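Q: After the sequence you'll find the predicted model.
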Amino acid sequence: MSDNLSTLDSLPDVILTNVFLRLPIKSIVTCTAVCKTWRSFIQNPTFISDHLHHSSNNKHPLLLFRLCPLEPDEANEKEQYVLHFDNQDFNEYTRFVDFHLHDPGYAEIYHVVGTCNGLIVLADALDGYENHFFLWNPCVRKFVKLPIPDITCPWYSVGFGFDSEANDYKVVRFGTPEEEGQEGKSPPEVEVYSLSTGNWRMVTALPPIDTINREGVAFVNGALHWVALRKTGNEFLNFVIVFDLGEEVFREIALPKLSDKNGDEDQVSVSISAYGNSLALFQRESDCLSIWVMEHYADASSWTKIVSFADSRCKPKGFRKSGEVILEMDGGYLETRDLKTKEVKNLGIRGREYADNFVDSYVESLVLL
């Protein structure tokens with residue numbers, strides 16, 4: 001065995017890379033315990049980047065499902081994290097162990113902020129405020145507990161993404177400080193957590209908004225996107241607020257006209273979602289769900305209403321690689337609908353109804369290893 005290891009240790013890095021990239025991720029992690037040379041090679045940032053690139057180009061895309069327990073009152077029921085192949089049959093790929101800190105000070109159930117490059121950001125509201133965050137890579141069973149943010153607020157919105165310029169992962173948190181008798185009237189404050197520094201810091205450039213939609217955030221083209229609302233005179237205007245993770249500046253993208261009634265856009269429920277390398281908009285009005293797609297990113301004139309569903313039951317959760325929308329229906333059942341043919345497929349997957357079930361595309365990675 002030692003002779004075989006000695007032979008492998010002498011192989012050029014390019015050959016080692018090609019060998020390790022073809023292994024399942026669990027096998028790669030196991031190889032870190034074989035010898036110091038392999039451990040050093042696999043944990044090298046260059047190989048981790050190569051592996052991420054290889055996973056991102058995988059011909060077998062994955063979907064991550066975070067499903068809330070059907071019986072929340074049972075002590076042994078916790079949320080489940082399951083990976084499924086994003087194929088016709090949605091074959092189950094792997095089931096992660098429950099995320100649990102084994103600390104009585106932390107909750108059993110966590111809210112998923114978002115995913116990026118194999119990392120999942122979880123939030124835990126212990127004291128009424130969602131101030132406790134964790135960066136978790138379930139593939140390598142590693143997590144980082146973030147420090148408590150500087151802003152303590154009852155109103156917040158959180159996004160997560162990757163700054164490719166700095167090769168850094170960032171959590172961005174909007175908040176409005178609570179002032180007695182002035183709830184919701186203070187200007188928003190923004191702080192950014194950087195994995196490379198391990199700290200939160202305030203952003204000096206503030207977004208020109210009154211409120212922001214907490215339900216939807218999209219990480220696309222190196223930037224985070226939220227639907228925001230601004231009051232001008234007696235009218236309200238919905239628009240997309242964009243935060244560039246590299247330059248850490250804000251810009252805006254206009255939305256299509258959502259209501260025929262002047263000044264009533266604040267009565268229309270809207271949220272944003274990533275749609276490939278662009279954006280999709282979910283518009284809920286009365287019992288109708290409409291889906292808009294921005295055909296050319298950052299070009300507001302390219303917003304196009306693709307389909308409308310006269311169904312008050314469905315709750316949009318995201319999109320498959322094929323472009324089909326994933327919807328949560330009555331009873332917590334998940335199904336997909338083709339935006340062109342409107343063909344419906346029941347996924348045979350269920351979470352608790354009206355709970356915080358989560359679905360997003362996922363790539364396996366060695367980040368945090």
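A: The structure has been received and is ready for your questions.

Q: Only C-alpha atoms from now on, for both contacts and neighbour counts.
A: Will do.

Q: now the stretch 51-200 of the chain, which segments are flagged as low pLDDT?
A: 71-77, 98-109, 125-130, 154-155, 176-186 (pLDDT under 70).

Q: now the strands: where do they sit in it?
A: 62-67, 80-85, 92-96, 111-116, 119-124, 132-137, 142-145, 156-163, 168-175, 189-194, 199-202 (DSSP state E, counting those that start in this stretch).

Q: would you turn those into CSV with distance to Val344 and mean neighbour count?
A: Formatted as CSV, the entries for those read as follows, by distance: least, CA to CA, whole Å; neighbours: other CA atoms under 10 Å:
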stretch, distance to Val344, mean neighbour count
strand 62-67, 18, 22
strand 80-85, 18, 19
strand 92-96, 20, 13
strand 111-116, 26, 20
strand 119-124, 29, 22
strand 132-137, 32, 21
strand 142-145, 37, 15
strand 156-163, 30, 23
strand 168-175, 35, 20
strand 189-194, 40, 20
strand 199-202, 44, 16
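
Q: Looking at those strands, spot the one closest to Phe250.
A: strand 189-194 (11.0 Å; CA to CA).

Q: Next, the angle strand 168-175 makes with the closest one.
A: If you take axes from the mean of the first three to the mean of the last three CA atoms, to 10 degrees, strand 189-194 sits at 160 degrees to strand 168-175.

Q: ok so, going back, just so I know, which of the strands of the stretch 51-200 of the chain lies nearest Ala300?
A: Of all the strands of the stretch 51-200 of the chain, strand 156-163 comes closest under CA to CA, at 22.2 Å.

Q: Helices of the protein, start to end?
A: 2-9, 13-21, 25-31, 36-42, 45-56 (DSSP state H).

Q: Now render the ones you listed as a markdown table, adding mean neighbour count and distance to Leu62.
A: Formatted as a markdown table, these follow (neighbours: other CA atoms under 10 Å; distance: least, CA to CA, whole Å):
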| stretch | mean neighbour count | distance to Leu62 |
| --- | --- | --- |
| helix 2-9 | 11 | 32 |
| helix 13-21 | 14 | 17 |
| helix 25-31 | 15 | 14 |
| helix 36-42 | 16 | 23 |
| helix 45-56 | 17 | 10 |
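
Q: And the closest residue to Leu122 other than its chain neighbours, how far from Lys315?
A: Nearest non-adjacent residue to Leu122, counting by CA to CA, 6 or more residues apart in numbering: Val112, 4.7 Å away. Between Val112 and Lys315 the distance is 17 Å, computed by CA to CA, to the nearest Å.

Q: likewise Phe282?
A: Distance from Phe282 to Lys315, by CA to CA: 9 Å.

Q: quick one: which of the two has more around it?
A: Phe282 (22 against 18; other CA atoms under 10 Å).

Q: Run through the bridge partners of the more buried one.
A: Residues in a beta bridge with Phe282, per DSSP bridges, are Ser271, Ile291.

Q: What pLDDT is listed against it?
A: We note a pLDDT of 94 for Phe282 in this prediction.

Q: does it really touch Val293, like I thought?
A: No - assessed by CA atoms under 8 Å, Phe282 is found out of contact with Val293, at 9.1 Å.
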